[in-house]
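Trainee: just to be clear, the model below is a prediction. Sequence and coordinates:
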Amino acid sequence: MHQSTGSRDAATAFPLPDLADDAAERRQANRAIAWGAAGLAVTGLVELVIALSSGSVGLLGDALHNLSDVSTSALVFVGFAVSKRVASERYPYGYERAEDLAGIGVALVIWASAALAAVESIRKLIDHGTTTHAVWGVVGAAVGILGNQVVARYKLIVGMRINSGTLVADAKHSWLDALSSAGALLGLVGVLLGASWADPVAGLAVTLFICHVGWEVTADVLHRLMDGVDADVITTAEATASDVDGVRHAHARARWTGRTLRVEMEGWVDADTTTAQADAIGRAVAARLARALPDMRSFTWSARAV
Ligand SMILES: [Zn+2]
């Protein structure tokens, strides 16, 4: 079956109910992520310019960290842009995996930033390098603290309003990142007090924050490339389906392609169930699952006879 209009996916996909409220909230969450990323980008760039002109490696590390966070947010939007491309016969599942490929690139860039920050810090420590314009460095670190705090507050307010766990977690991340900027600040205050080693030591501490981002991004990308999902998804899907009238037993599998959660369900029904009834049962399962698993964008239903 192939329709000439619309995507191949739309022509063959099992019908899912339209949850308009969720779509509106997702748009608000995306807008908050975009504004947060823009704020962090400005913060990171101001820090980078001051870091390069003052020679502060602590501030350099903090700037690279903030810009790494921006690149992970940017990845979400690359995913949205690419996944709009319609599935074809050559790519029947669409183009969403492009986001995971881009994720590998982002992970490499973040680990490279961590290596750069570490190398510059160690080199400065060994060479007893000096920090010129340490006062400007202090201003840069203060921008880092302020930028992260403002972004954290903003994400928290929007996250609480639309009840988005992701956004609230993101807010906590930005709040913690203000500590990284505070570390860079501490190093520069140390320099002003005469301890020239304080800046490279702060640089090494800040490097650990970049490694943390790198680890999170890498683990997430590898999990998705291995078709991993949270175990909760499977148990929720099977429990929800088993609750639907006519379903005796259910087995689920699920995986992500980009931001699309694809759920495949085998449902055991009574042997005398007609094809039309089995289809109706499948629709009932889809309707309940769409609420239980809001990320589910694709559902496959196979009815089996008990
Ligand atoms: Zn961060």
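Mentor: Looks like it came in fine.

Trainee: what's downstream of the helix or strand encompassing residue 233, the next helix or strand?
Mentor: Per DSSP states H and E: residue 233 is located in helix 231-242. Counting by DSSP H and E, the element after helix 231-242 in chain order, helix or strand, is strand 249-257.

Trainee: next, work out how far apart the residue of the chain most remote from its centre and residue 278 are.
Mentor: Of all residues in the chain, residue 272 has its C-alpha farthest from the mean position, at 46.0 Å, by CA atoms, centre = their mean. Residue 272 is 11 Å from residue 278, where distance means CB to CB, to the nearest Å. Backbone N, C-alpha and C define where each C-beta goes, glycine included.

Trainee: same check, this time on residue 222
Mentor: Using CB to CB, residue 222 is found at 38 Å from residue 278.

Trainee: who has more neighbours, the two?
Mentor: residue 278 (18 against 14; other CB atoms under 10 Å).

Trainee: isn't the more buried one up against residue 305?
Mentor: No - using CB atoms under 8 Å, residue 278 is not in contact with residue 305, being 9.0 Å away.

Trainee: the ion contacts on the stretch 51-200 of the chain?
Mentor: Counting by CB under 5 Å from the ion, the stretch 51-200 of the chain comes close to the ion at 69, 177.

Trainee: hmm, 8 Å instead?
Mentor: 65, 66, 68, 69, 173, 174, 176, 177, 180 (CB under 8 Å from the ion).

Trainee: pull out the buried members of the residues you listed.
Mentor: Among these, the ones that count as buried by 16 or more other CB atoms under 10 Å are 65, 66, 68, 69, 173, 174, 177, 180.

Trainee: what's the farthest-apart pair in those?
Mentor: For these, the maximum inter-member distance is 12.9 Å, found between 68 and 174 (CB to CB).

Trainee: confidence score at the residue nearest to residue 118 when sequence neighbours are not counted?
Mentor: Nearest residue to residue 118, sequence neighbours excluded (CB to CB, 6 or more residues apart in numbering): residue 207, at 4.7 Å. Here, the pLDDT recorded for residue 207 equals 94.

Trainee: pretty sure residue 207 contacts residue 121?
Mentor: Yes - counting by CB under 8 Å, residue 207 touches residue 121, with 6.4 Å between them.

Trainee: now for those two: what residues contact both?
Mentor: Residues touching both residue 207 and residue 121 (CB atoms under 8 Å, 6 or more residues apart in numbering) are residue 61.

Trainee: who has more neighbours, those two?
Mentor: residue 207 (28 against 25).

Trainee: and the host helix or strand of the more buried one, what other elements does it pack with?
Mentor: If you go by DSSP H and E, residue 207 is part of helix 198-225. Other helices and strands packing on helix 198-225, by 3 or more CB pairs under 8 Å, 6 or more residues apart in numbering; DSSP states H and E, are helix 57-83, helix 98-127, helix 165-192.

Trainee: kindly recompute the last result at 10 Å.
Mentor: Counting contacts by 3 or more CB pairs under 10 Å, 6 or more residues apart in numbering; DSSP states H and E, helix 198-225 packs against helix 57-83, helix 98-127, helix 134-162, helix 165-192, strand 249-257.

Trainee: tell me who's in contact with the residue in the stretch 1-150 of the chain that the ion sits nearest to.
Mentor: Closest to the ion within the stretch 1-150 of the chain is residue 69: 4.3 Å, counting by CB to the ion. Residues near residue 69 by CB atoms under 10 Å, 6 or more residues apart in numbering: 36-37, 40-41, 43-44, 110, 148, 151, 170, 173-174, 177, 209-210, 213, 217.
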